[in-house]
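> Sharing a sequence plus its predicted fold:
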Amino acid sequence: MSGITLAVNLAISIAIILFLVLKFKINPVISMILASLYMGISCSLGFMDTITSINSGFGSLMTGIGFPIGFGIMMGQILEDSGAAESLAKSILKAFPGKKAPWALGLTAFLLSIPVFFDVTFVILIPLGIAVAKETKRPLAYFAGAIAIGGVSSQTFVPPTPNPLAAATILDFDLSYIIIAGTIVGLAAAVFSMFVWFRMLDRPGFWDPNKDETGLLDMDAAVVHRVDLPSPWAAVIPICLPVLAILIGSFWPVVTGSDAPVVIQFISQKTIAILLGLLAAYIILLKRMGWSGLNESVSKSLKQAGVVLLITGAGGAFGAVIQATNIGEVLIAGLTEGQSSTMLILCLTFGIGVLFRVAQGSGTVASITAMTIMASVAPSAGCHPVYIALAALAGGNFIGHVNDSGFWVVTNLSGASVTGGLKTYTWNTITLAGMAFILSLVGATVLPMV
């Protein structure tokens, strides 16, 4: 089948998703499966092969990331409900008072959004931001923007959040690469984005309280202080333990020159590593929450996990059908006349992510679709596949606006108007993801790792 026909069918399948989601408000999972059926059948995969691709795409992705995502969500819920996440936030804020407070909140959001969903991170931290804004007599926008930047960054680039976990599975590379590269790129992009955000706010006229704030936020009523919080280490240990286990397993052969012992290989496998973090949270917080409290948190988390896993899996199914048509190879061959170009592959990956992100709002759908489309050309990209993952993740979180639930969380909880939300959230996703993409281009050029 010609490249033009494949591209037209892909465009129609994307339009099906957007039409069903935006016009009829049909769940993205159902919309993506229907689009997958159209894509496979219209591209001559056949009825049964299309179903096989859908099932295998969902199954293979869940095999790689199903338990890790589930365990990560459970751990985050326990840290939230126990107050451990808030304790960590307050400890960091205490260490960086005054003018350093916005930076401290941004860093705290980066750390908390590794195990905890972005919207939960924002809910936890915005009361602290309001309190510090009152104390320092600075606009809340400084603190709300910093929290948004830090939270979005780690949620996008650092495992065990779903998208970077899926990246390692879809593009077939060791998880330690995205842990290291995602942390470096995510943190660097967050620092850059916060710097730009603070400089923009310092400019007279950029932030107009009359236009950018609703005036409905009661600062006094919004500040709620929880007492008797656990030690911040109750959050640090469960967060760091899985990362440490995975890194030990990855670097053992490099340092020793021999294969890691079976025990090390076992605990560094991502499912076991994140399970260790979850068990650590159980053990550390058992006395505080009791078995009933812990089990209640886990039960609550399963509601979130089900939605995340289904959407992630449906994205994998859609991507598998697209990949079965070899459209990625056809597009690259057509654009480069048979000669692979690292920059072009990364730019195309980023562009696909942006297209899906802007159109339908879900960073998960956008990132996973971009990665699966480009997975077939990753081996010939001239760089390590982690850079393709970073480009897809950056594109999938570029220009978050009114069709993104995160936009409304930030806008409403910070007392911003829609205009203020476009500045606080949308502008910062542009600078954050844009810088992350630039860093992925630089990394692929300077340190291709092939």
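Done, it's in.
> So residue 396 sits against residue 367, correct?
Yes - the pair residue 396 / residue 367 is scored as a contact, 3.1 Å apart, by C-beta atoms under 8 Å. (Each C-beta comes from the backbone N, C-alpha and C, glycine too.)
> Would you mind telling me which of these two has the busier surroundings?
Comparing residue 396 with residue 367 by other C-beta atoms under 10 Å, the one with more neighbours is residue 367, at 32 against 29.
> so who does the more buried one touch?
156, 163, 166-167, 353, 392-393, 395-397 (C-beta atoms under 8 Å, 6 or more residues apart in numbering).
> From residue 270, how far off is the most centrally placed residue in the chain?
Geometric centre of the chain, nearest residue: residue 156, 2.4 Å, by C-alpha atoms, centre = their mean. Applying C-beta to C-beta, to the nearest Å, the value for residue 156 to residue 270 is 18 Å.
> measure residue 287 to residue 293 for me?
For residue 287 relative to residue 293 (C-beta to C-beta), the value is 10 Å.
> lowest confidence element among the helices and strands of the chain?
Ranked by mean pLDDT, DSSP states H and E, the helix or strand of the chain with the weakest confidence is helix 219-222, at a mean of 51.
> Following the chain onward from that helix, which element is next?
Downstream of helix 219-222, the first helix or strand assigned by DSSP states H and E is helix 233-256.
> Could you list the low-confidence segments of the chain?
Confidence mapping of the chain against pLDDT under 70 gives the ranges 1, 216-227, 328-329, 331-340.
> By residue count, what's the longest helix in it?
Counting residues, the longest helix found in the chain (DSSP state H) is helix 270-324.
> tell me the angle of that helix relative to helix 233-256?
In this structure, helix 270-324 runs at an angle of 70 degrees to helix 233-256, with axes from the mean of the first three to the mean of the last three C-alpha atoms, to 10 degrees as the basis.
> Which secondary structure elements does helix 270-324 sit against?
Helices and strands touching helix 270-324, by 3 or more C-beta pairs under 8 Å, 6 or more residues apart in numbering; DSSP states H and E, are helix 3-18, helix 28-42, helix 47-82, helix 84-95, helix 162-170, helix 233-256, helix 262-268, helix 363-374.
> which parts of the third one are buried?
Think helix 47-82. For helix 47-82, burial by neighbour count (16 or more other C-beta atoms under 10 Å) applies to 50-54, 57-58, 60-62, 64-82.
> from what I can see residue 64 touches residue 168, true?
Yes - using C-beta under 8 Å, residue 64 is in contact with residue 168, at 7.4 Å.
> quick one, which of residue 287 and residue 293 is more surrounded?
The residue with more neighbours, out of residue 287 and residue 293, is residue 293; 15 against 8, by other C-beta under 10 Å.
> which ones are touching the more buried one?
81-82.
> Could you measure from it over to residue 229?
To residue 229, residue 293 is 15 Å away according to C-beta to C-beta.
> and if you look at residue 57?
The gap separating residue 57 from residue 229 is 43 Å, by C-beta to C-beta.
> what do you get for residue 98?
According to C-beta to C-beta, residue 98 stands 22 Å off from residue 229.
> same question, residue 343
Residue 343 sits 48 Å away from residue 229, going by C-beta to C-beta.
> now swap in residue 146 and tell me
Separation of residue 146 from residue 229 (C-beta to C-beta): 22 Å.
> which one of those two has more residues nearby?
For the pair residue 146 and residue 229, the greater number of neighbours falls to residue 146 (29 against 19), based on other C-beta under 10 Å.
> Next, give phi and psi for residue 213.
Main-chain torsions, residue 213, degrees, to the nearest 10: phi -130, psi 150.
> wait, it sits on residue 417?
Yes - look at residue 213 against residue 417 with C-beta under 8 Å: they come within range, at 6.3 Å.
> so who does residue 15 touch?
Contacts of residue 15 by C-beta under 8 Å, 6+ apart: none found.
> dump the residue contacts of the residue lying closest to residue 56 once chain neighbours are set aside.
Leaving aside its sequence neighbours, residue 56 sits nearest to residue 320 (C-beta to C-beta, 6 or more residues apart in numbering; 6.0 Å). The neighbours of residue 320, taking C-beta under 8 Å, 6+ apart as the test, are 53-54, 56-58, 60, 372.
> Which residue ranges of the stretch 101-250 of the chain form helices?
Remark: helices assigned in the stretch 101-250 of the chain by DSSP state H, counting those that start in this stretch are 101-112, 118-136, 140-157, 162-170, 175-202, 209-212, 219-222, 233-256.
> Kindly state which of those helices is positioned closest to residue 362.
Counting by C-beta to C-beta, residue 362 lies closest to helix 162-170 out of the helices of the stretch 101-250 of the chain; the figure is 10.3 Å.
> what's in contact with that closest one?
In contact with helix 162-170 (C-beta under 8 Å, 6+ apart) are residues 60-61, 63-65, 68-69, 72, 155-159, 174-175, 177-178, 182, 270, 308, 312, 315-316, 319, 363-364, 367-368, 371-372, 375, 386, 389, 392-393, 396.
> the inter-axis angle of that helix versus helix 363-374?
If you take the same axes, to 10 degrees, helix 162-170 sits at 20 degrees to helix 363-374.
> and the angle from helix 162-170 to helix 47-82?
Using the same axes, to 10 degrees: helix 162-170 against helix 47-82 is 140 degrees.
> any shared contact partners between residue 396 and residue 367?
Counting by C-beta under 8 Å, 6+ apart, the residues touching both residue 396 and residue 367 are 156, 163, 353.
> out of the residues you listed, who's nearest residue 382?
Residue 382 lies nearest to residue 353 out of those, by C-beta to C-beta, at 19.6 Å.
> shouldn't the residue nearest to the centre of the chain be in contact with residue 390?
No - at 9.6 Å, residue 156 and residue 390 do not qualify as touching, with contact defined as C-beta under 8 Å.
> what sits in contact with each of the two?
Counting by C-beta under 8 Å, 6+ apart, the residues touching both residue 156 and residue 390 are residue 436.
> List the buried residues for the helix or strand containing residue 346?
Assigned by DSSP H and E, residue 346 belongs to helix 342-360. Buried residues in helix 342-360, counting neighbours by 16+ other C-beta under 10 Å, are found at 342, 345-350, 352-360.
> Who are the packing partners of that helix?
Applying 3+ C-beta pairs under 8 Å, 6+ apart, one finds that helix 342-360 contacts helix 3-18, helix 327-336, helix 363-374, helix 385-395, helix 428-446.
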